[in-house]
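Give me a model of this one.
(one chain, ligands or ions: 2)
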Amino acid sequence: MRNDQHRTRPPLIELRGVDRVFDEEGAVRTQALADVSLVVDAGEFVCITGPSGSGKSTLLNILGCLDRPTGGAYRFAGRDVTALEGDELAGLRRDEFGFVFQAFNLLESATARQNVELPARYAGLGSDRKAQRAAKLLESLGLGGRLDHRPAELSGGERQRVSIARALMNGPRVILADEPTGALDSGQGEEALSLLKGLAARGHAVVMVSHDPAVAAAADRRIELRDGRVAADSLHDAEKPHTPPPGGAPAGSEGQVGRPAAMASIGDALSSLVASPLRPTLSVLSVAVGVASVVALLSLAEGIERKTLEMVDATKITVNALGRLKAAAVQLAPEDAEAIRSEVRNVRRVFLSTKGPLVLQRGAVSEDTEVHATTRAEPVGIDQQDWPLANGAYLAAEDSELREQVVVLGPTVAEALFETGVDPIGEHVQIAGIPFLVKGVLDQSPLPAHSELSADMVEPMLAMFGDVAFVPFHTGLELLAPHGGEPETLVIGDTTFTSVVFGPLTIEARVADAAAVRETAAAIRDLLIRRHGREGFNVAIDVDRVEAYDRLWRLHPGVQAGIAAVALAAGLLGMMATMLVSVGTRRREIGVRMAVGARRRDIAVQFLAEAALAALAGGVIGLLLGYWTGAAVAEMATPTGLMKVPVAFAGWFVPVALFCAMATGLVAGMVPARRASRLDPVAALAGD
Ligand code: ADP
Ligand code: MG
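Ligands and ions are numbered 1, 2, ... in the order given. Just a heads-up that it's a prediction; the model follows:
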């Protein structure tokens with residue numbers, strides 16, 4: 001007797017009094033299966049028949065551990081399946097069951113070989129063995145020449161053979177086929193049936209569902225369902241003896257159970273993205289826009305920082321007496337400069353300068369000029385730019401001590417006083433009635449490199465800076481003395497402004513060690529207080545300008561972080577929305593993956609990996625976009641039109657941007673990944 005045979009080895013499939021009631025909220029209660037008991041063993045080829053709605057698919061889903069009974073017992077190879085957790089059921093599906101679907105359910109973006117390999121991915125099989133085995137299976141099913149074809153390039157019969165190969169990939173003991181011939185013409189259908197029959201002969205238990213009596217006739221045993229109950233079972237009816245083939249089960253599973261399939265999931269994510277690159281486009285763009293905003297913001301911050309540093313000479317200390325109108329004002333003298341040079345540590349050089357408006361004259365021509373009296377022996381323009389000579393030589397170091405009556409003319413003055421073709425060098429000009437020998441002529445005034453003036457500002461600025469003349473300090477001091485300390489007045493309309501912020505003399509000290517510039521400035525202050533008895537002067541260091549400039553331009557870090565966060569959040573929501581839609585349209589794929597053994601975690605990892613990869617792509621595009629935006633902004637003038645917007649790109653933006661992208665992707669991917677992994681396999685397989 002059959003039962004005696006199984007006393008030592010439990011049957012492969014054993015259902016006892018299985019019920020399946022669909023009792024979802026808001027839906028009609030349906031008893032799809034009622035008190036179903038049956039035993040199926042290795043080598044059997046069973047067809048479940050019955051009219052539509054009789055519970056055939058429900059039974060098959062329960063047999064394949066895609067669904068659970070609501071009552072009764074299911075033992076697989078003696079193991080109580082009803083007690084198993086989700087991951088254990090997934091493991092059972094992966095190792096013991098192969099599914100063949102009416103609609104094939106192949107992944108459209110994958111080749112025949114990749115489709116067949118799919119179950120092995122979740123079993124953690126090495127990629128070489130996986131590829132070999134998939135190719136061998138496809139060859140054995142006559143598809144050796146179709147390994148790299150995608151489902152769309154295959155006939156229905158070929159597709160069904162690919163899906164049979166996939167069902168066999170992990171060497172399952174049971175093959176479950178729901179209407180395997182339903183989508184095939186009769187010739188292809190017969191071929192599929194004989195393949196299934198062959199599998200049973202090789203020791204697999206094959207359970208097929210069909211409502212077609214002609215198909216059912218191909219099976220060795222027919223179980224007829226009516227209203228969820230077993231109405232007839234040809235085995236019991238005929239008491240046909242069944243002999244399992246020797247050895248019982250077919251070639252066992254080659255999967256190494258328990259090995260993490262995370263790498264496979266990431267690989268799947270990659271090939272899924274590569275195979276249909278348009279699908280994640282919106283996700284990629286969402287992240288790209290967010291990252292681009294962050295990069296643009298960083299570029300502005302970086303540009304401001306660099307420009308500020310460019311403007312600064314960290315070795316410079318400037319001392320000015322307060323203007324005469326200030327009660328505390330002191331008169332600075334050249335002796336103060338000498339004291340600073342000789343007494344204050346870290347001071348390397350000291351320059352003296354003063355300036356004032358004087359008239360330069362040659363013959364009948366006169367020119368209002370700003371005359372600088374200086375001890376400097378190198379021409380410098382605005383912000384310490386070198387100011388090249390067009391002609392002749394600059395003032396010499398000893399010119400000041402010797403009170404030489406020499407002058408170096410700025411380009412605008414030289415142009416005004418000398419006709420073209422006349423070399424000013426060696427000629428004389430009158431300053432306040434005193435003849436000065438023209439020693440040199442400066443080239444066009446160099447504008448500071450960082451000013452990046454807009455084009456229409458350049459000409460007037462050059463003219464303004466060019467209207468100068470330089471004379472030796474002591475020579476000039478005498479000429480300028482009448483102006484010294486006089487309040488400069490400015491009349492605008494009815495109002496007269498008296499502006500004497502500082503006295504006329506400027507002492508500029510240069511330090512050797514820029515790091516100690518603050519201490520040196522403090523020492524100069526102390527020295528001058530000692531010399532003058534009060535703080536009627538101002539000691540400024542260039543470094544302080546950095547902060548002033550920063551305050552002018554830089555957004556508060558909190559505001560900056562806020563803008564970045566909003567941009568990234570927008571990208572995140574965009575990505576999340578498109579990914580959620582994608583989960584909806586890929587239900588069938590998710591169902592297939594679950595059927596072949598993907599655990600919920602594997603599905604979640606795959607969607608997260610897809611999100612991360614899309615985000616990475618978005619990060620790269622966002623970087624380029626942000627760089628390009630920054631470059632475009634850098635061409636624009638500030639609202640005052642005085643200079644261009646400072647924008648700069650730094651190498652460290654790259655890791656920051658990619659990190660932001662990754663974080664955005666992973667957070668955005670979490671909800672869709674969770675939703676995908678929580679899908680019910682049966683509902684997912686039912687499709688979109
Ligand atoms: P068959 O495959 O024999 O056509 P099914 O097993 O698909 O039948 O369905 C059996 C019964 O269970 C049907 O009445 C069907 O409407 C019901 N049913 C199947 N799946 C669900 C479900 N997820 N929710 C509610 N009812 C369901
Ligand atoms: Mg059905």
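
residue ranges of the strands in the stretch 251-400 of the chain, please?
Along the stretch 251-400 of the chain, the stretches classed as strands by DSSP state E, counting those that start in this stretch are 316-322, 347-362, 365-374, 389-392.

residues near residue 560, how many?
When counting by other C-beta atoms under 10 Å, one arrives at 16 neighbours for residue 560. Bear in mind the C-beta positions are built from the backbone N, C-alpha and C, glycine included.

Could you report the distance from it to residue 296?
Going from residue 560 to residue 296 by C-beta to C-beta, to the nearest Å gives 11 Å.

picking up where we left off before, of the strands of the stretch 251-400 of the chain, which is nearest ligand 1?
strand 316-322 (80.8 Å; C-beta to the nearest ligand atom).

what helices or strands is that closest one leaning on?
strand 502-511, helix 517-532, strand 537-541 (3 or more C-beta pairs under 8 Å, 6 or more residues apart in numbering; DSSP states H and E).

out of the strands of the stretch 251-400 of the chain, deepest packed?
Highest mean neighbour count among the strands of the stretch 251-400 of the chain (mean count of other C-beta atoms under 10 Å): strand 316-322, with a mean of 22.

what pLDDT, on average, does that one get?
The average pLDDT for strand 316-322 rounds to 86.

List the contacts of that strand.
The contact list for strand 316-322 (C-beta atoms under 8 Å, 6 or more residues apart in numbering) reads 328-332, 336, 340, 347, 384, 501-503, 505-511, 517, 520-521, 524, 528, 536-542.

cool, and stretch 179-190?
100-104, 155-157, 160, 192-193, 196, 208-212, 215, 218.

from the residues you listed, which would you call buried?
With burial judged by 16 or more other C-beta atoms under 10 Å, the buried subset of the contacts of stretch 179-190 is 100-102, 104, 157, 160, 192-193, 196, 208-210, 215, 218.

So which of the strands of the stretch 251-400 of the chain is nearest residue 405?
Closest to residue 405 of those is strand 365-374 (C-beta to C-beta; 12.0 Å).

can you pull the pLDDT of residue 568?
Reported pLDDT for residue 568: 91.

In terms of helix, strand or coil, where does it fall?
helix (DSSP: H, G, I helix; E, B strand; the rest coil).

Spatially, what comes nearest to it if we skip its sequence neighbours?
With C-beta to C-beta, 6 or more residues apart in numbering as the criterion, residue 568 has its nearest non-adjacent residue at 4.4 Å, and that residue is residue 290.

before we move on, the earlier item: in a markdown table, list the strands of the stretch 251-400 of the chain along with distance to ligand 1.
Shown next, in a markdown table, are the strands of the stretch 251-400 of the chain (distance: least, C-beta to the nearest ligand atom, whole Å):
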| stretch | distance to ligand 1 |
| --- | --- |
| strand 316-322 | 81 |
| strand 347-362 | 87 |
| strand 365-374 | 91 |
| strand 389-392 | 91 |
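
Nearest to residue 41 among the helices and strands packed on strand 316-322 would be which one?
Closest among those, once you apply C-beta to C-beta, is helix 517-532, at 90.8 Å.

Mind giving me the packing neighbours of that closest one?
Counting by 3+ C-beta pairs under 8 Å, 6+ apart, helix 517-532 packs on strand 316-322, helix 334-343, strand 502-511, strand 537-541.

shaky segments in the stretch 551-688 of the chain?
Residues of the stretch 551-688 of the chain that meet the criterion pLDDT under 70 lie in 551-556, 637-643, 688.

What residues does the protein have near ligand 1?
22, 27, 30, 32, 50, 52, 53, 54, 55, 56, 57, 58 (C-beta under 6 Å from any ligand atom).

hey, C-alpha coordinates of stretch 81-94 in CSV?
The C-alpha trace of stretch 81-94 is given here as CSV (Å, rounded to 0.1, in the frame of the first residue of the first chain):
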residue,chain,number,x,y,z
VAL,A,81,5.1,24.6,6.6
THR,A,82,2.2,26.5,8.3
ALA,A,83,4.6,27.3,11.2
LEU,A,84,7.3,28.9,9.0
GLU,A,85,8.2,32.6,8.9
GLY,A,86,8.3,34.7,5.7
ASP,A,87,12.1,34.2,5.2
GLU,A,88,11.8,30.5,5.7
LEU,A,89,9.0,30.3,3.2
ALA,A,90,11.1,32.2,0.8
GLY,A,91,14.0,29.8,1.4
LEU,A,92,11.6,26.9,0.7
ARG,A,93,10.4,28.5,-2.5
ARG,A,94,13.9,29.1,-3.6
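
For the lengthiest helix in the chain, could you pull out the residues that count as buried?
Ordering each helix of the chain by length in residues (DSSP state H) puts helix 600-634 first. Of the residues in helix 600-634, those buried under the neighbour-count criterion (16+ other C-beta under 10 Å) are 600-623, 625-627, 629-630, 633-634.

what's downstream of that helix, the next helix or strand?
Remark: after helix 600-634, the chain's next helix or strand is helix 653-677, criterion DSSP states H and E.

Return the distance of that next one from the chain's centre.
Centroid separation between helix 653-677 and its chain, computed with C-alpha atoms, centre = their mean, to the nearest Å, is 9 Å.

same deal with stretch 282-301?
Using C-alpha atoms, centre = their mean, the distance between the centre of stretch 282-301 and that of its chain works out at 8 Å.

Equivalent analysis for stretch 597-617, please.
Centre to centre, stretch against its chain (C-alpha atoms, centre = their mean), the figure for stretch 597-617 is 17 Å.

Just checking, which helix or strand of this protein averages the lowest pLDDT?
strand 495-499 (a mean of 47; mean pLDDT, DSSP states H and E).

Any regions of this protein where pLDDT drops low?
1-8, 236-265, 275, 324-326, 381-386, 445-464, 481-503, 545-556, 637-643, 688.

Skipping its backbone neighbours, what lies nearest residue 194 in space?
Per C-beta to C-beta, 6+ apart, closest to residue 194 is residue 218, 7.9 Å.
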